[in-house]
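Undergrad: I need the structure of the sequence given here:
(2 chains)
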Amino acid sequence: MEIKTRNRVLTAGAILLLLGFIAFAEQFFDLYIVRILNVCAIYAILGMSMNLINGFTGLFSLGHAGFMAVGAYTTALLTMSSAVKKQIFYLAPLVKPLDQINLAFPLALLAGGLLAAVVGALIAAPVLRLKGDYLAIATLGFAEIIRVVFTNTQRITNGALGLKGIPALTNLWWSFGTAAFTLVFLVSLINSSYGRALKAIREDEIAAESMGIDLARHKTLAFVIGAFFAGIGGGLLGNLLGTIDPKMFSSMFTFNILLIVVLGGMGSLTGSIISAFIVTIANEVLRFLDESINLGFVVIQGKVGMRSVVFSALLMFVVLFYRHGLMGTNEFSWDRLLASKAFRRLRGFKKEPAEGGVDR
Amino acid sequence: MTLDLFLQHLSNGISLGSLYALIAIGYTMVYGILRLINFAHGDIFMMATYFAFFGIATFGIPWFITFPLVLVLTAALGMGVEAVAYRPLRGAPKISLLISAIGVSFFLENLTIVLFGGVPKPFPAPAIFTDVVQVGTVAIQKLTFYIPIVTFISLLGLVYLINKTKTGMAMRAVSMDQEIAQVMGVNINQTIALTFGLGSFLAAVGGIMWGMKFPQIQPLMGVVPGLKCFIAAVIGGIGNIAGAVIGGFILGIGEIMLVAFLPNLTGYRDAFAFILLILILMSKPTGILGEKTAEKV
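TA: Sure, this is the predicted structure:
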């Protein structure tokens, strides 16, 4: 079979398998596992969008939590019923038109993403003139400002009380579907001339500029698209969890996503997806660290927060010893998988494969 | 607003500004020498308050022994952080260093939560610092006067160390050009470690006084002051010690005055620093005293 056809068949098979899996999971898995799978997919979206800004364009931005907050609040406010809104906003009523509007989930998600993108565009203009650490701290600052504003605008965001009773509209179809769409969109973006320009900016700004790349335009593009998907991810998350408040979107959240991006490899979308699943599932598996373990004869006292200690140690470990992450700047491909040592051992290959046709 | 009240706010602003300045110096020195935002600096400052808490409240050591001990321990902590998290990354891309710094900060915070619990603890401030004196019609804590004095003395010591001693000369040399400094026989690793130690020492001075002024300590208390002090360093011109002090005072006094004069903006107090930062970065990206550097190709 020709390699191209083989890869197409494999891809189609994988997609069918995934669809079957989602349908099965929606039906038969218990709610806890479905929820974790949802979180995995949402973190994959957030990781990919952050990777576009940080990994592919080389802009070290720490503003992701802010964009997520904008998306989450917008989507939540547009999908909550007016009765629930009336009940929750007991300190001060919600501003006029917003308390009656009720949109379908996809429209609300889109609105959340678009609003996050608008905020991203507004921030991009001043911030993208900065470089390196200054950019990092300025974007962190903007995210913090968004959070402070959300804490104080009682009549729009319900302030520190947050929103409760957000309808649970996010299901596996939405989260995995959006993640797939994000992947396809970003892959086509990165393989276009725009994507090559972004990578050129990452490698060397001055050289890129002298090759005729409009720095401001391309950086803004990456930033706005990243913000858009962060907003959508935030919207999905809000409607999954059911409650959101400004505290949730602190810089801690951004650092969690950063861990995913770094672990997966800065500059690898599929790496971000893989590490989103690893990190989220590990986060649940490590939950035992926070609780006491009863071994029958002895009880090991768990400590609340131990999980986060392990996590931060992991982040440092990855940076210190494993700087390129799981995938480096490579993407997943069937050729690579089939040629990998582990896979060949699995199939009992003895001979080394012929040269060529291994890498893309 | 009466004059008395204004003076009270001003003295508060000056003592807050002094604390900011002390912490900002740590940022600016590390940035000057490694070109790195030491995200863990705020958490080193937090650890200092915990050390003081354990010295006084748990072990019952008198304050005049505890405080010097805290300073030494914190300096050692700073040097330890450098050795573990930053030294292996010398020569690595800057982004790796920054992520490592975030990792350390995260690690220290969570470790404190695990070891000491997340519940705020009361800082055992010795009474001789917290006594209240009557100045005219207003009552002011003695501490409010001590803080600027201690800050001033620390600054004098620092300036002497940097400008008059051999170690200080080595620090200045390394921050100008690491390679050339090395060629001239400066021990780079030792100098960088010392810089971290010195910065952490000053953070500990600030931390002890912070604990007495705001006598409630908790594991995340270093985050917001840490960010603000970094901002103070940027406002003054990062890499420049005088700039960090000026930035600290601008931020401290500005913040107190914002709350005093525009009370309905109190909720936005923490955003004030960031707004100021972004305005400064827009108009004068290298800060008030920063030098302009052109990038060479």
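Undergrad: so where does B:Met46 fall, helix or strand?
TA: Taking DSSP states H and E as the criterion, B:Met46 maps to helix B:41-53.
Undergrad: for that helix, packing partners?
TA: When contacts are defined as 3 or more C-beta pairs under 8 Å, 6 or more residues apart in numbering or on different chains; DSSP states H and E, helix B:41-53 packs onto helix B:3-34, helix B:63-81, helix B:94-116, helix B:188-213, strand B:216-217, helix B:223-236. For the C-beta atoms, the positions are set from N, CA and C on the backbone; glycine is no exception.
Undergrad: The last one - contacts with which helices or strands?
TA: Taking 3+ C-beta pairs under 8 Å, 6+ apart as the contact definition, the neighbouring helices and strands of helix B:223-236 are helix A:132-152, helix B:3-34, helix B:41-53, helix B:241-261, helix B:269-283.
Undergrad: and among the ones you listed, the most buried is which?
TA: Greatest average neighbour count among the helices and strands packed on helix B:223-236 goes to helix B:41-53 (a mean of 27), per mean count of other C-beta atoms under 10 Å in any protein chain shown.
Undergrad: buried set for the strand or helix carrying A:Val9?
TA: Applying DSSP H and E as the criterion places A:Val9 in helix A:3-28. In terms of neighbour count (16 or more other C-beta atoms under 10 Å in any protein chain shown), helix A:3-28 has its buried residues at A:22, A:25.
Undergrad: do the same with stretch A:228-245
TA: Buried residues in stretch A:228-245 (16+ other C-beta under 10 Å): A:228-241, A:244-245.
Undergrad: Kindly indicate which of those residues lies nearest A:Val261.
TA: Using C-beta to C-beta, A:Ala230 comes nearest to A:Val261 of those, at 12.1 Å.
Undergrad: Nearest residue to that closest one in space, please, no chain neighbours.
TA: A:Phe67 (3.7 Å; C-beta to C-beta, 6 or more residues apart in numbering or on different chains).
Undergrad: That neighbour and A:Val224 touch, don't they?
TA: No. If you go by C-beta atoms under 8 Å, A:Phe67 and A:Val224 don't touch, sitting 10.0 Å apart.
Undergrad: So between these two, which is more surrounded?
TA: A:Phe67 (39 against 20; other C-beta atoms under 10 Å in any protein chain shown).
Undergrad: send the alpha carbons of the helix or strand where the more buried one lies over as CSV?
TA: Element membership for A:Phe67 (DSSP H and E) is helix A:64-79. Backbone C-alpha positions of helix A:64-79 (Å, rounded to 0.1, in the frame of the first residue of the first chain) are rendered in CSV as follows:
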residue,chain,number,x,y,z
HIS,A,64,-4.0,33.1,29.1
ALA,A,65,-6.1,33.0,32.3
GLY,A,66,-7.5,36.5,31.4
PHE,A,67,-8.7,35.4,28.0
MET,A,68,-10.2,32.3,29.5
ALA,A,69,-12.0,34.4,32.1
VAL,A,70,-13.5,36.6,29.4
GLY,A,71,-14.7,33.6,27.4
ALA,A,72,-16.0,31.7,30.4
TYR,A,73,-18.0,34.7,31.7
THR,A,74,-19.4,35.6,28.3
THR,A,75,-20.5,32.1,27.5
ALA,A,76,-22.0,31.5,31.0
LEU,A,77,-23.9,34.8,31.0
LEU,A,78,-25.3,34.1,27.6
THR,A,79,-26.5,30.5,28.3
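Undergrad: and that helix, what does it pack onto?
TA: Of the remaining helices and strands, those touching helix A:64-79 by 3+ C-beta pairs under 8 Å, 6+ apart are helix A:31-51, helix A:105-127, helix A:132-152, helix A:215-241, helix A:251-264.
Undergrad: Kindly recompute the last result at 10 Å.
TA: helix A:31-51, helix A:105-127, helix A:132-152, helix A:154-157, helix A:215-241, helix A:251-264 (3 or more C-beta pairs under 10 Å, 6 or more residues apart in numbering or on different chains; DSSP states H and E).
Undergrad: How far away from the center of its chain is the helix or strand following it?
TA: Later in the chain than helix A:64-79, the nearest helix or strand by DSSP H and E is helix A:82-88. Relative to its parent chain, helix A:82-88 has a centroid offset of 30 Å by C-alpha atoms, centre = their mean, to the nearest Å.
Undergrad: Can you list the buried residues in helix A:82-88?
TA: A:85, A:88.
Undergrad: nearest to B:Thr191, of the helices and strands packed on helix B:223-236?
TA: helix B:3-34 (7.5 Å).
Undergrad: B:Pro285 - that's part of a strand, no?
TA: No. Counting by DSSP: H, G, I helix; E, B strand; the rest coil, B:Pro285 is not found in a strand; it is coil.
Undergrad: And it, how far from chain A?
TA: From B:Pro285 over to chain A the distance is 7 Å, taken as C-beta to the nearest C-beta, to the nearest Å.
Undergrad: That residue contacts A:Gly132, correct?
TA: No. In this structure, B:Pro285 is not within contact of A:Gly132 by C-beta atoms under 10 Å, at 11.4 Å.
Undergrad: contacting residues for the nearest residue to A:Asn38 once chain neighbours are set aside?
TA: Distances taken as C-beta to C-beta, 6+ apart put A:Ser175 closest to A:Asn38, at 4.7 Å, once the chain neighbours are dropped. For A:Ser175, the contacting residues are A:22, A:34, A:37-45, A:233, A:236-237, A:239-240, by C-beta atoms under 10 Å, 6 or more residues apart in numbering or on different chains.
Undergrad: Which secondary structure state is assigned to A:Ser175?
TA: helix.
Undergrad: Enumerate the residues of the stretch 51-200 of chain A near chain B.
TA: A:54-55, A:58, A:60, A:62, A:123, A:125-127, A:129-138, A:140-149, A:151-154, A:159-160 (C-beta under 10 Å from any C-beta of the partner chain).
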